[in-house]
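# Dropping a prediction and its sequence here:
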Amino acid sequence: MLTARLDGVVCPAMKAGARPARPTSSQPPGRAASSGRPAPSSAAERLFPTAPDSPATIVATLIEFSAPIENAAKRRLGRSAIVTTVIEKKVLLVVTSCFATRLAKQVPLSDAEKAALARLEENPRKVKRGAMIQRVNETVTELFVLREGRVMSFVILPDGSRQILRVYFPGDFIGSASTIYSRAPESLVALSDAVICPFDKHALRRLLEEYPRLAALLFLLSNAERVAMTDRLAALGRTSAKARVASFLLDMFDRLRVTDDSITDSFDLKLTQEEIGDSIGLTSVHVNRMIRQMEQEGLISRQNGRITLRDMARLEDIGHYTNRHKDMDLDWLPAA
């Protein structure tokens, strides 16, 4: 047990709103203070001798002690990978929830709400490109938050062709369609090396019971996703190939910008032309032709896999595109 061997890292009782006191040199690590009480038997009891009053208290305590724990571990173990693993997976993960960052783009979240969302990401799992995460009609027991990489949902049509339903980016909640069925209505596969955070389906119920505003936010994002998909379905078979490609590129660009403020006019698409085609009902040959045509017209440019949107107004006009990821009405949301 790593924490049991860290000299000088002991957490006495923490009062709400107060910074935890540091142990003195006269108090040996792992031994109770002079109150006569027996020494705590576990690292958790040393960190929280009394029940914390809120998730925010837990987060504050972890932040407070992450630095001394890391420093003590490095003195003992050097710059071992285990130090990074322990700190990142058990501490920093709590305060850097990818899902919380995504939702906070809509409304500010309380510390308690952030901590509750972070619990959904406590068990990250690495998956390789092409790995099947979920198969259609499998019994659904887990939902997912995507921390790194890209994942797609898809179905196989009766003629054997693939229809990609959605591409997921870091911060996205994956599996919302599976919340209302016992069997998966779609398959999920990693489009790149990725990190997913699976959590038990029933954990979502507990989250929504305790934090109704988060339930409202998930409802809001689910409906925004539904409207965006409705736009895409309306375009299939009713608009030109050029319009579909333009609308698809703009949608990917706007969705990436939700959680990446560094994106201004260019982005890494990281999708093959076949994957683009399977999203909008075109062959890869047709997609390639449309992209080259848009390059020649000065609408976009490509370099090292990166796409730059050079004339967004014209692209929006060509694609009959509406950004469904902004200008949402949030006045009806419950107060924090």
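Thanks, I have the structure now.
# Could you list the low-pLDDT ranges of the stretch 51-200 of the chain?
Within the stretch 51-200 of the chain, the stretches falling below the threshold (pLDDT under 70) are 51-96.
# Quick one: end-to-end length of stretch 259-266, please.
15 Å (CA to CA, to the nearest Å).
# How far does it sit from its chain's centre?
Distance, stretch centre to chain centre, for stretch 259-266: 17 Å (CA atoms, centre = their mean, to the nearest Å).
# the helices in this structure, which residues?
For the chain, the helices defined by DSSP state H cover 43-47, 55-77, 81-87, 93-95, 98-104, 111-118, 201-210, 212-235, 241-259, 273-280, 284-296, 312-319.
# Same list (those) but as CSV, adding distance to residue 176 and mean neighbour count.
In short, each C-beta sits where N, CA and C put it, glycine included. Shown next, in CSV, are the helices of the chain (distance: least, CB to CB, whole Å; neighbours: other CB atoms under 10 Å):
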stretch, distance to residue 176, mean neighbour count
helix 43-47, 33, 17
helix 55-77, 23, 17
helix 81-87, 30, 14
helix 93-95, 22, 19
helix 98-104, 12, 20
helix 111-118, 15, 21
helix 201-210, 9, 14
helix 212-235, 5, 15
helix 241-259, 15, 21
helix 273-280, 18, 21
helix 284-296, 28, 17
helix 312-319, 25, 16
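# wait, which of the ones you listed is closest to residue 267?
helix 241-259 (5.3 Å; CB to CB).
# Please report the number of neighbouring residues for residue 124.
Number of residues near residue 124 (other CB atoms under 10 Å) recorded here: 16.
# That one is in contact with residue 170, isn't it?
No - contact criterion CB atoms under 8 Å: residue 124 and residue 170 do not qualify, at 11.8 Å.
# Show me whatever sits in contact with both of those two.
Listed as contacting both residue 124 and residue 170 by CB atoms under 8 Å, 6 or more residues apart in numbering are residue 147.
# Excluding covalently adjacent residues, which one is nearest to residue 117?
Nearest non-adjacent residue to residue 117, counting by CB to CB, 6 or more residues apart in numbering: residue 100, 4.2 Å away.
# and residue 256, how far is that from residue 212?
Applying CB to CB, to the nearest Å, the value for residue 256 to residue 212 is 30 Å.
# Render the CA-only coordinates of stretch 300-317 in PDB, please.
What follows is stretch 300-317, C-alpha atoms only, in PDB (Å, rounded to 0.1, in the frame of the first residue of the first chain):
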ATOM      1  CA  ILE A 300     -11.200  24.700 -47.500                       C
ATOM      2  CA  SER A 301      -7.600  23.700 -47.500                       C
ATOM      3  CA  ARG A 302      -5.800  20.600 -46.300                       C
ATOM      4  CA  GLN A 303      -2.300  20.100 -44.900                       C
ATOM      5  CA  ASN A 304      -0.900  17.100 -43.000                       C
ATOM      6  CA  GLY A 305      -4.400  15.900 -42.200                       C
ATOM      7  CA  ARG A 306      -5.600  19.200 -40.900                       C
ATOM      8  CA  ILE A 307      -8.600  21.000 -42.500                       C
ATOM      9  CA  THR A 308      -8.900  24.800 -42.600                       C
ATOM     10  CA  LEU A 309     -12.300  26.300 -43.300                       C
ATOM     11  CA  ARG A 310     -11.500  29.300 -45.400                       C
ATOM     12  CA  ASP A 311     -15.000  30.600 -46.200                       C
ATOM     13  CA  MET A 312     -17.400  29.500 -43.400                       C
ATOM     14  CA  ALA A 313     -20.200  31.800 -44.600                       C
ATOM     15  CA  ARG A 314     -20.200  30.100 -48.100                       C
ATOM     16  CA  LEU A 315     -19.900  26.700 -46.500                       C
ATOM     17  CA  GLU A 316     -22.900  27.300 -44.300                       C
ATOM     18  CA  ASP A 317     -24.900  28.500 -47.300                       C
END
